[in-house]
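S.K.: Need a 3D model of the sequence below.
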Amino acid sequence: MLEWNDYGADWPDIPYPNFNAWLTGMEEMWQDKDALLFRPGKQKDFTRWTFRYLADQCRRIGRGLIKAGLKKGDRVALWAENRPEWMAVWLGTVITGCVIVPVDVLVSEKECANIIKITGARAFFYSERKREFALSLAGRGLDLDAMVCIDTGADTGEGNSSSPAGESPFMRFGSGAGDTALPGPESIDEHDPASIVFTSGTTGFAKGVTLHHRGIILNSSAAIRMLKAVDTDVFITVLPLHHTYPTTCSFISPLIIGATTVIVDKLVGKVVVDDTRDSGGTILIAVPLLYDKLKAGIEAGYNKLPPPLRWVLNGIRRKALAEAQKGNADYGRKKLRFIRKKAGFDSIRLSVAGGGALNPKTADFFDSFGFNLVNGYGMSENSPLISVSTDRFKRNASVGLPVKYTEVKIIDPDENGIGEIAIKSPSIMLGYYENPEATKEVLGEDGWLYTGDLGYRDSEGYIYISGRKKNLIVSSGGKNIYPEEIELCFDGSGIVGEILVLGRKAELAGEDIFAVVVPNRESLAEAYPGKIAKEGELSGEAREFIRTLVKREIERVNRTLPGYKKISDFTLRYEEFEKNAQKKIRRFLYKDYARK
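M.R.: Below you'll find the model as predicted:
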């Protein structure tokens with residue numbers, strides 16, 4: 001079995017015990033180097049924040065919080081879209097010893113108000129889009145010591161204190177508190193809480209994951225060792241920063257090593273491509289859904305090439321994939337650079353997928369063009385990274401090898417070696433906020449965290465995920481069935497847009513396989529323009545036609561599956577499934593389908 005030293009970079013540990021000490025070290029080391037780039041709306045040039053300017057803004061916010069009466073341990077809620085000010089508020093809060101509570105920008109006002117109430121937050125930072133909600137807090141019985149809109153108004157293209165944006169409420173906050181002393185790094189213990197992240201995942205039960213300073217810093221350090229990121233890299237940040245995955249891997253990790261982070265304004269293909277091209281982005285970190293969309297766009301362009309040229313390129317792609325699987329991504333990177341340049345991603349040297357299951361076929365597709373796509377695995381409770389592939393050590397069906405500081409074991413493996421994945425690391429959460437019962441369910445007295453994920457490890461130590469323990473279906477013959485594996489078989493289907501596989505109680509014993517299908521209406525409308533419309537109400541005849549097509553698609557997949565995994569029945573719905581911030585279906589909302 002491979003050991004950490006076999007596949008990870010042998011770099012020194014990040015020496016800082018907390019973010020207060022880290023901010024000072026970061027500023028001294030990188031000073032006037034670009035830390036953050038941001039180009040909102042139709043702005044032509046990037047707004048640039050240097051490391052020095054970022055540190056100044058963090059301290060200003062920290063002083064403003066202290067002047068407002070906040071003290072160590074107090075909570076600060078943050079509800080806003082991605083932007084440099086979001087990062088400044090996050091860091092400005094934690095350097096004071098206060099605890100940041102980043103809120104998913106997509107949750108309802110009721111949910112946000114509940115989080116503020118549960119945590120007893122004393123300050124609230126919000127974007128202009130949330131202004132009406134902020135003004136309603138007093139009427140909801142929530143009295144805060146500070147409420148600040150983080151929108152700065154005019155975009156000047158430069159991050160400096162002489163900017164007209166200095167007139168905004170955000171820039172005024174803390175600007176008159178220059179004589180207010182910030183706490184020293186010695187006043188914040190490495191295990192003091194830094195962040196509380198509320199995550200309902202797909203179960204619907206919101207829990208506040210409480211992470212500590214040293215845990216986040218160590219997990220960020222482990223990430224850059226696996227990705228072998230350096231100060232000349234440019235990270236492309238596309239995911240909502242409230243989640244631990246982008247916070248650690250796209251925010252803290254780049255800053256730790258002096259790399260530049262590009263904050264993409266919108267998760268729109270053209271915006272991502274333009275920001276990547278104009279910044280010279282080198283590392284893209286995203287969820288599998290984005291890579292699926294990029295794959296569709298690249299594939300559409302590729303298929304328009306003349307057949308003789310595609311025939312030649314397909315041979316090169318097969319060779320590139322074979323080389324990538326042996327740890328040599330350079331072959332495809334050099335031979336097929338013109339394809340990546342046309343797609344706008346020729347500067348990207350490494351792409352990382354996490355936050356959900358990546359279809360191995362998608363990884364193979366990107367590897368065949370020299371994109372070098374690696375897969376990772378984590379959970380918020382571990383700050384969050386647990387494992388990741390590297391350019392030299394990868395199996396596209398696997399979520400990689402454990403990162404430094406993290407131990408992994410399989411609990412109660414079955415005859416196939418599949419059991420619950422448990423981990424131990426110094427980055428594990430302190431617990432769920434004011435919820436000791438839920439904490440005890442996942443965190444043992446021996447320090448092992450029980451992930452709720454089922455999987456196995458191969459002889460070299462690579463980790464493979466089979467599914468969630470709570471989603472497990474048991475057949476009448478006692479076979480364990482992982483619905484996620486069946487769902488993955490429909491990935492890329494032109495007929496099935498989304499699918500949810502459930503267990504339905506069988507007549508005698510066990511469960512049958514039942515599916516809820518959202519048809520790929522856009523694709524079907526293009527394939528059958530005379531029968532199916534892209535939008536509007538469907539006729540009864542059109543619905544029956546779609547049902548026939550879906551039935552055939554399920555039968556096609558069933559032929560590839562063993563008997564106990566075959567889908568026995570299905571139903572159609574014409575609205576997309578509700579999803580969480582990681583674009584995972586909130587399965588608990590649809591469990592009643594199996595009872596009908």
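S.K.: CA only for contacts and neighbour counts going forward, please
M.R.: Noted.
S.K.: Give me the contact list for stretch 427-439.
M.R.: Residues outside stretch 427-439 that contact it (CA atoms under 8 Å, 6 or more residues apart in numbering) are 119, 193, 196, 207-212, 214-216, 218-219, 381-384, 443, 449.
S.K.: Filter those residues down to the ones in helices?
M.R.: Counting by DSSP state H, the members of these that fall within helices are T119, R214, G215, I216, L218, N219.
S.K.: quick one: the closest residue to the fifth one other than its chain neighbours and P384, what's the gap?
M.R.: Spatially, and ignoring its direct neighbours in sequence, L218 is nearest to S427 (6.7 Å; CA to CA, 6 or more residues apart in numbering). Applying CA to CA, to the nearest Å, one obtains 8 Å for the distance of S427 from P384.
S.K.: thought L289 was touching K583?
M.R.: Yes: using CA atoms under 8 Å, L289 makes contact with K583 at a distance of 7.4 Å.
S.K.: joint contacts of S427 and P384?
M.R.: The contact lists of S427 and P384 share N219, where a contact means CA under 8 Å, 6+ apart.
S.K.: Show me which of the ones in helices among the contacts of stretch 427-439 is closest to I481.
M.R.: I481 lies nearest to N219 out of the ones in helices among the contacts of stretch 427-439, by CA to CA, at 32.6 Å.
S.K.: Near that closest one, how many residues? Count them for me, please.
M.R.: Applying other CA atoms under 10 Å, we find 28 residues neighbouring N219.
S.K.: same deal with the one 10 residues further on?
M.R.: The number of residues packed near A229 is 21, by other CA under 10 Å.
S.K.: Over to E553?
M.R.: Neighbour count for E553, taken as other CA under 10 Å: 16.
S.K.: picking that back up, could you report the pLDDT at the residue nearest to L218?
M.R.: As predicted, S427 sits at a pLDDT of 98.
S.K.: Need the phi and psi values for it.
M.R.: phi -100, psi 0 (degrees, to the nearest 10).
S.K.: Could you report the separation of it from R59?
M.R.: 26 Å.
S.K.: one step back: can I get the ones in helices among the contacts of stretch 427-439 in CSV with pLDDT?
M.R.: As requested, the ones in helices among the contacts of stretch 427-439 are exported to CSV (pLDDT from 0 to 100):
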residue, pLDDT
T119, 96
R214, 97
G215, 97
I216, 98
L218, 96
N219, 97
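S.K.: and the residues you listed, which are buried?
M.R.: Neighbour-count burial (16 or more other CA atoms under 10 Å) applied to the ones in helices among the contacts of stretch 427-439 gives T119, R214, G215, I216, L218, N219.
S.K.: hang on, the first one packs against V99?
M.R.: No: here T119 does not reach V99: they are 9.9 Å apart, not a contact under CA under 8 Å.
S.K.: Which residues are in contact with each of these two?
M.R.: Taking CA under 8 Å, 6+ apart as the criterion, T119 and V99 both touch R75.
S.K.: where does the stretch 101-250 of the chain dip in pLDDT?
M.R.: 153-166, 200-205 (pLDDT under 70).
S.K.: Mind doing that once more with 80?
M.R.: The stretch 101-250 of the chain contains residues with pLDDT under 80 at 153-167, 199-206.
S.K.: residue boundaries of the strands in it?
M.R.: 123-126, 146-149, 193-199, 207-212, 234-237 (DSSP state E, counting those that start in this stretch).
S.K.: And the contacts of the first one?
M.R.: Same thing as strand 123-126. By CA under 8 Å, 6+ apart, strand 123-126 touches 65, 75-80, 89, 134, 144-150.
S.K.: Please spell out the PyMOL selection for the buried subset of the residues you listed.
M.R.: This is how PyMOL selects the buried members of the contacts of strand 123-126, with burial counted by 16+ other CA under 10 Å:
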select buried, resi 65+75+76+77+78+79+80+89+134+144+146+147+148+149+150
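S.K.: Let me know the closest of the contacts of strand 123-126 to D367.
M.R.: A80 (35.0 Å).
S.K.: Can you give me the distance of the closest one to F19?
M.R.: In terms of CA to CA, A80 sits 22 Å off from F19.
S.K.: Likewise for D179?
M.R.: 21 Å.
S.K.: So which of these two has more stuff around it?
M.R.: F19 (26 against 8).
S.K.: Strands along the stretch 251-400 of the chain, start to end?
M.R.: Going by DSSP E, counting those that start in this stretch, the stretch 251-400 of the chain shows strands at 260-263, 283-286, 350-353, 373-378, 385-388.
S.K.: List the neighbouring strands of the fourth one plus their orientation.
M.R.: For strand 373-378, the paired strands and their directions (DSSP bridges) read strand 350-353 (parallel), strand 385-388 (antiparallel).
S.K.: How about residues contacting whatever helix or strand comes next after the last one?
M.R.: Downstream of strand 385-388, the first helix or strand assigned by DSSP states H and E is strand 401-402. Contact with strand 401-402 is made by W4, I386, S387, V388, S389, V408, G461, Y462, I463, as judged by CA under 8 Å, 6+ apart.
S.K.: repeat for stretch 413-425
M.R.: 382, 386, 405-412, 447-457, 466, 469.
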